[in-house]
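> turn this into a model:
(chains A and B)
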Amino acid sequence: MSNEQISKLLRNIATAYTIKNEKKFRFQIIAYQRAADFIKNSSIELQDYHKDSKLQDIPGIGTSIKGHLEELFKTGKSKQFNWALKGIPDPVFVLIDIPTLGPKKSYRLVNEFGLSNSKNVIADLEKIAKKGLIAQLKGFGEKSQRDILRAIKEFKEGKGKTSRMVLPLASEISDKIIDYLRKSPYVGRAYVLGSLRRQLPTVGDIDIAVASNNPKKVIDHFISYPYIERMIEKGKETASMLVSGGKQIDLMVQPPQAFGALLQHFTGSKNHNIALREFALKKGMSLSEHGIKYLRNKKSNIKQIDSEEEFYNTLGLAWIPPEIRENTGEIELAAKKALPKLIEIKDIKGDFHIHSSFPIQPSHDLGKNTIGEMASKAISLGYEYVGFSEHNPSVSKHTNSQIYTLISVRNQEIDQIKLRYKSIRVLKILEVDILSSGELAIDDKSLSLLDFAIVSIHSVFSMNKANMTKRVIEGLSHPKAKVLAHPTGRLLNQRPGYELDWEKIFKFCKDNNKALEINAWPSRLDLSDQLIRQCVGNDVKMVINTDSHASYQMDNMKFGVSMARRGWATKSDILNTLDYNEFMKWLKGGEL
DNA sequence: GCCGTTTTCGGCCCGACTGTTTTCAGTCG
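Numbering: from 1, shown residues only, chains lettered A, B, ... in the order given. Alright, predicted model coming up:
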């Protein structure tokens, strides 16, 4: 079973408990949802935790759920899970994925209309709504019926939160809306919060906070946005809309003197906020987007706080960077004032994964800008060094000596650039394919022309974990191979990436002076934050590269840095924060 | 059902908004 399937199963159990008796099962519901959340976001397959007897290491999985999961993995079913799900028809668990339909409404609809076919339940419900039958149910009305029809339509079209965007698209949309909001004189500070501020690899909706003493004017201005597709809701201090393209924008407004609490609240994550509020409760404080209530003094009003730093400080905590607000230990360290100093974009001194337009006749795609143009861009970014790493010349179309010649000519071009641009060091690299045998695509003689090679997988993705691990280690074993590029091969929203035995990879890299790449290409962002954090824990060095195929793409470095921050990486974990001489020392196998 | 720097028992975040109601249930984040 995949993590996705297991997560859905646990969520279904929470749904079933909600339908059966929400009050009685209140805490079980929370527990199952928490476990489901964590499993869904985990980049390690749950079955592997199980094989290594490490299920209890997962937050939210205690003795009960662990026992049920072990029974499920062993026998294919769990008595407890089956008992919990008993009596709730399967179509309920399909309808619940449609926004506005929760456990109660889904169950009512399935029962009232005898919907029994999971595969067709959405189409069946749509027909029923069109006949006007939903409006006749007690507790439903004409408006609910229209809302359900629209929700089904948007669900089918992937609108709202049912599809996630990569970071640059989300930033582009949010920039436009912030610019628009600032045209109103009633809008004070206006920031993008939520998962975009936390820099998740993909973003479901865009959350914006505004400080204003006149929230009504701000909200009216917000929903007058020219590219609005429809308004979702509108209240006294919040509003939501869909904009063209079907993306959802949520707005929250608070007065300037309470803005700090709103920044904290609306940045999330949900799990961070829950943990923070539990932490505060123990100190006699209750938190919300409006501020801090002191529970021991019932007469006191809510304390309003205008900055986020002050909000955390009032709780006795250091300010926590948004990227690590996921309740994975940050609150405990903030209490001890012992948070790591996360890497920043200004720490980056170079980029090693750049594809120029030099006609090297590569196995894969060529860049759009010349070596000179790319080097010039690197200088404008303030870099101390840059490395060119076009794909190796195509193996099927060239002999070894032709390949050798192509690389030599490219190197001559780099030498010319070195003479022209004295302010930057330029390295001769290539991105070399690891063939399915584990061999590198080009021979030793050609490899000897390079300062080092970045190696990567570009074919035969379907190998099993053991063989893929063997292949990668074989490829990295070559003395010239120093960096594994886009280590999982994932493409966000497109494919999950192949599986590797990370313990083996980490050990190999640490023992043999190899690095893993954090690829900053927006639809890769590979390594994931979780794997980065494991590298940090295992003292495995990383390099943040842009994989640019055009000079402007070198600006994508910030996304790689964001992933590194989400993975708790500091400057010392990332090799391209070193100055040139230190980096060359690492390259030659010297200790840092 | 989970969890532990006052706890292995007794706690468990907090509020906004909508539709269908006439004081609230359901959903969402």
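
> tell me where the stretch 351-500 of chain A has helices.
Secondary structure of the stretch 351-500 of chain A (DSSP state H, counting those that start in this stretch): helices at A:371-380, A:400-420, A:444-447, A:465-476.

> export the ones you listed as CSV, with columns for mean neighbour count, mean pLDDT and distance to DNA strand B.
Backbone N, C-alpha and C define where each C-beta goes, glycine included. Putting the helices of the stretch 351-500 of chain A into CSV (neighbours: other CB atoms under 10 Å; pLDDT from 0 to 100; distance: least, CB to the nearest atom of the strand, whole Å) gives the following:
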stretch, mean neighbour count, mean pLDDT, distance to DNA strand B
helix A:371-380, 19, 98, 38
helix A:400-420, 15, 97, 49
helix A:444-447, 17, 98, 48
helix A:465-476, 19, 97, 27
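
> of those helices, which is nearest A:Pro201?
The closest of those to A:Pro201 is helix A:465-476. By CB to CB, the value is 21.9 Å.

> mean pLDDT per helix and strand in chain A: which one sits at the bottom?
None of the helices or strands of chain A scores lower by mean pLDDT, DSSP states H and E than helix A:46-51, at a mean of 88.

> coming back round to it: nearest to A:Leu149, out of the helices of the stretch 351-500 of chain A?
A:Leu149 lies closest to helix A:465-476 among the helices of the stretch 351-500 of chain A, at 45.0 Å (CB to CB).

> distance of the spatially most central residue of chain A relative to A:Asp415?
Nearest to the mean C-alpha position of chain A, by CA atoms, centre = their mean, lies A:Pro201 at 2.9 Å. Relative to A:Asp415, A:Pro201 is positioned 38 Å away (CB to CB, to the nearest Å).

> repeat for A:Asp97
58 Å.

> then A:Ser437?
33 Å.

> again with A:Pro91
Per CB to CB, A:Pro91 is found 68 Å from A:Asp415.

> count the neighbours of the closest residue to the residue nearest to the centre of chain A other than its chain neighbours for me.
Sequence neighbours aside, A:Leu525 is the residue nearest to A:Pro201 in space, at 4.4 Å (criterion: CB to CB, 6 or more residues apart in numbering). Neighbours of A:Leu525 under the rule other CB atoms under 10 Å: 27.

> if I pick A:Leu525, what's in contact with it?
Counting by CB atoms under 8 Å, 6 or more residues apart in numbering, A:Leu525 makes contact with A:Leu167, A:Pro201, A:Leu492, A:Ile518, A:Asn519, A:Phe559, A:Gly560, A:Met563.

> can you do 7 Å?
Listed by CB atoms under 7 Å, 6 or more residues apart in numbering, the contact partners of A:Leu525 are A:Pro201, A:Leu492, A:Phe559, A:Met563.

> now the nearest residue to the second one once chain neighbours are set aside: how far from A:His353?
Nearest in space to A:Leu492, with sequence neighbours left out and distances taken as CB to CB, 6+ apart, is A:Ser523 at 4.9 Å. Distance, A:Ser523 to A:His353, by CB to CB: 15 Å.

> between the two, who's got more neighbours?
The neighbour count for A:Ser523 versus A:His353, taken as other CB under 10 Å, is higher for A:His353 (28 against 16).

> can I assume that one is in contact with A:Asn545?
Yes - applying CB atoms under 7 Å, one finds A:His353 in contact with A:Asn545, separated by 3.3 Å.

> overlap in contacts of the two?
A:Glu517.

> what about A:Ile223, how many residues nearby?
So A:Ile223, with other CB under 10 Å, has 17 neighbours.

> what sits against it?
A:Met231, A:Lys234, A:Ala239, A:Met241.

> now it. Nearest residue, chain neighbours left out?
Computed as CB to CB, 6+ apart, the closest residue to A:Ile223 that is not its neighbour in sequence is A:Met231, at 5.2 Å.

> ok, and the closest non-adjacent residue to the residue of the stretch 151-300 of chain A found nearest DNA strand B?
Closest to DNA strand B within the stretch 151-300 of chain A is A:Gly235: 2.1 Å, counting by CB to the nearest atom of the strand. Nearest non-adjacent residue to A:Gly235, counting by CB to CB, 6+ apart: A:Ile219, 7.8 Å away.

> thinking A:Phe583 is in contact with A:Leu575, fair?
Yes - counting by CB under 7 Å, A:Phe583 touches A:Leu575, with 6.2 Å between them.

> distance check, the closest residue to A:Leu55 other than its chain neighbours against A:Ala14.
Of all residues not flanking A:Leu55 in the chain, A:Lys66 sits nearest, at 4.8 Å (CB to CB, 6+ apart). As judged by CB to CB, A:Lys66 and A:Ala14 stand 17 Å apart.

> again, but for A:Gly589
To A:Ala14, A:Gly589 is 52 Å away according to CB to CB.

> ok, how many other residues are close to A:Pro487?
If you count neighbours by other CB under 10 Å, A:Pro487 ends up with 27.

> show me what the closest residue to it other than its chain neighbours bridges to in the sheet.
The shortest distance from A:Pro487 to any non-neighbouring residue, by CB to CB, 6+ apart, is to A:Leu516 (5.1 Å). When bridges are taken as DSSP bridges, the partners of A:Leu516 come out as A:Leu484, A:Met542.

> A:Leu516 touches A:Leu527, doesn't it?
Yes - counting by CB under 7 Å, A:Leu516 touches A:Leu527, with 6.1 Å between them.

> neighbour count winner among these two?
Per other CB under 10 Å, whichever of A:Leu516 and A:Leu527 has more neighbours is A:Leu527, with 29 against 25.

> pretty sure that one sits against A:Pro487.
Yes - under the criterion of CB under 7 Å, A:Leu527 makes contact with A:Pro487 at 5.7 Å.

> common neighbours of these two, please.
What both A:Leu527 and A:Pro487 touch, as defined by CB under 7 Å, 6+ apart, is the set A:Leu516.

> measure A:Ile6 to A:Asp52 for me?
Counting by CB to CB, the separation of A:Ile6 from A:Asp52 is 16 Å.

> more neighbours, those two?
Of the pair A:Ile6 and A:Asp52, A:Ile6 is the one with more neighbours under other CB under 10 Å, namely 21 against 11.

> list the buried residues in the host helix or strand of that one.
Using DSSP states H and E, A:Ile6 sits within helix A:3-21. Neighbour counts over helix A:3-21 (16 or more other CB atoms under 10 Å) mark A:3, A:6-20 as buried.
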